[in-house]
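Asks: Show me how the following folds:
(one chain, ligands or ions: 1)
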Amino acid sequence: MSKLPEITTERLLLRPWRRADRPHFAAVNADLRVVECLPGVLTREESDAFVDRIEAHFEKNGFGLWCVEAPGVAECLGFIGLSIPQFETHFTPCVEIGWRLGSQYWGQGYAPEGARAAMEFGFRTLGLHEIVSFTVPHNTRSRRVMEKIGMTRDEAGDFEHPRLAPGHPLRSHVLYRCRNPDGKAV
Ligand SMILES: CC(C)(COP(=O)(O)OP(=O)(O)OC[C@H]1O[C@@H](n2cnc3c(N)ncnc32)[C@H](O)[C@@H]1OP(=O)(O)O)[C@@H](O)C(=O)NCCC(=O)NCCS
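Replies: Modelled structure (predicted):
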């Protein structure tokens, strides 16, 4: 695969992963505040395996969940990016936009800043006609990011996450969508 894409924003660099990012990302995944609306903390091994899957996604698709660097602040805040969900439900196949940042970096608008740029990459460079995002109803922080970047809740799109067992407290999800403003059906 040719050089993997990077995105620069006013304060952030969304870039491919380096070996040195792994301990920082493991700390993000071990942070109880970060995983409050996720299935649970990850061990170092699980976190590294996650990065392996992210890198394989980049190799296969030419895009993925970028490592977020804030030059002069920190080399690895977490991830922001685009990915293809591997489960099947009423809105798949699709491209999802997602984010996960260390809690010490929250509240400074980093996620919407990086996500806007990732979304523009998806629409302008990849030519996607739609990008979705989803989370549990009580993840107000993530829902705020979806709203700030111009996504709209699909009221009829609520779904039960097929990777979680019936009755799991995180199984119910809300769905947000954003259409390519250029309107090209690709
Ligand atoms: C979702 C997330 C990426 C937001 O990143 P961010 O850079 O803090 O985004 P923002 O600065 O725009 O803040 C978004 C909202 O988070 C909340 N928030 C901000 N700072 C906060 C803090 N220090 N503590 C708790 N909540 C905070 C606010 O509700 C804010 O919305 P507002 O600006 O309307 O008040 C971050 O909270 C995160 O990594 N969460 C854990 C992982 C996760 O849930 N990912 C999504 C899974 S679907």
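
Asks: Counting neighbours, what do you get for the residue lying closest to A30 once chain neighbours are set aside?
Replies: Leaving aside its chain neighbours, A30 sits nearest to V41 (5.1 Å; criterion: Cβ to Cβ, 6 or more residues apart in numbering). For glycine as for every other residue, the C-beta is placed from the backbone atoms N, C-alpha and C. By other Cβ atoms under 10 Å, the residues close to V41 number 14.

Asks: Show me the contact partners of the strand of greatest length in the chain.
Replies: Ordering each strand of the chain by length in residues (DSSP state E) puts strand 74-83 first. Strand 74-83 has contacts (Cβ atoms under 8 Å, 6 or more residues apart in numbering) with 12, 14, 20-21, 24-25, 28, 34, 54, 57, 63-70, 95-102, 105, 110-111, 114-115, 118, 121-122, 126, 131.

Asks: go again using 6 Å as the cut-off
Replies: By Cβ atoms under 6 Å, 6 or more residues apart in numbering, the surrounding residues in contact with strand 74-83 are 21, 24-25, 28, 57, 63-70, 95-97, 99-102, 105, 114-115, 118, 122.

Asks: which of these come close to the ligand?
Replies: When contact is defined as Cβ under 6 Å from any ligand atom, the contacts of strand 74-83 meet the ligand at 99-101.

Asks: Dump those residues into a markdown table; add neighbour count as well.
Replies: As requested, these are exported to a markdown table (neighbours: other Cβ atoms under 10 Å):
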| residue | neighbour count |
| --- | --- |
| W99 | 23 |
| R100 | 21 |
| L101 | 23 |
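
Asks: For the protein, which residues are neighbours of the ligand?
Replies: Within the chain, the positions adjacent to the ligand are 34, 37, 98-101, 106-112, 135, 139-142, 144-145, 148 by Cβ under 6 Å from any ligand atom.

Asks: Give me the distance from stretch 16-31 to the chain's centre.
Replies: 15 Å (Cα atoms, centre = their mean, to the nearest Å).

Asks: try stretch 149-164
Replies: With Cα atoms, centre = their mean, you get 14 Å for stretch 149-164.

Asks: hmm, back to that, which of the residues of the chain next to the ligand are buried?
Replies: Neighbour counting over the residues of the chain next to the ligand (16 or more other Cβ atoms under 10 Å) leaves 34, 98-101, 110-112, 135, 139, 141-142, 145 as the buried ones.

Asks: Can you give me the pLDDT of the residue of the chain found nearest the ligand?
Replies: For the chain, the residue closest to the ligand is G107, as judged by Cβ to the nearest ligand atom, at 2.6 Å. We have a pLDDT of 98 for G107.

Asks: One more: the one 4 residues further on?
Replies: Looking at A111, its pLDDT reads 98.

Asks: Which parts of this protein are strands?
Replies: Going by DSSP E, the chain shows strands at 7-8, 13-15, 65-70, 74-83, 96-101, 130-135, 152-153, 159-160, 172-179.

Asks: Now the last one: buried residues?
Replies: Right, the one you point to is strand 172-179. Neighbour counts using 16+ other Cβ under 10 Å place 173-178 of strand 172-179 among the buried residues.
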